[in-house]
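Undergrad: no sequence for this one, just the structure:
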């Protein structure tokens, strides 16, 4: 059967994965369910994976098995490390080193969307700066719904 929804490549920030682990009914978990159903391709960088594990171990260590399960069933792919050019470009816009690295990994992975809850370092960036859109899980779900409804099948 032909998939009528085009596959979107979505880079997830640590904040979204953490929210998905903590809230089974929130927008972040809804997005992961769409990946589980095969409608989205999820990408995370090596630094996001490491940061997820560190944050979960520190704040809610009992949810480590749930983190592993969610990453697996949503089909999340870990991308390669960011290259020098992506690091340089991200550095023009993001001062905080950990988030600069995450953005560079996103740039390197060439997603359609970068989904995050981080207003301070990512959501305040100017539109059109990158080849992908940046938004919250709610922004992404709203766009996905309107994109789907606007298509003629």
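TA: That came through, no problem. Just so it is clear, the model here is predicted, and its values are computed rather than measured. Numbering: from 1, shown residues only.
Undergrad: If you count contacts, what does the lowest-mean-pLDDT helix or strand in the chain end up packed against?
TA: Every helix and strand of the chain was ranked by mean pLDDT, DSSP states H and E. The lowest is helix 137-150, at a mean of 88. Contacts defined by 3 or more C-beta pairs under 8 Å, 6 or more residues apart in numbering; DSSP states H and E place helix 137-150 against helix 27-36, strand 113-115, strand 133-135. C-beta coordinates here come from the backbone N, C-alpha and C atoms, glycine included.
Undergrad: And the last one, what does it pack against?
TA: Read it as strand 133-135. Under the contact rule (3+ C-beta pairs under 8 Å, 6+ apart), strand 133-135 is packed against strand 113-115, helix 137-150.
Undergrad: Next, the contact list for residue 113, please.
TA: Residue 113 makes contact with 8-11, 132-135, 140, 143 under the criterion C-beta atoms under 8 Å, 6 or more residues apart in numbering.
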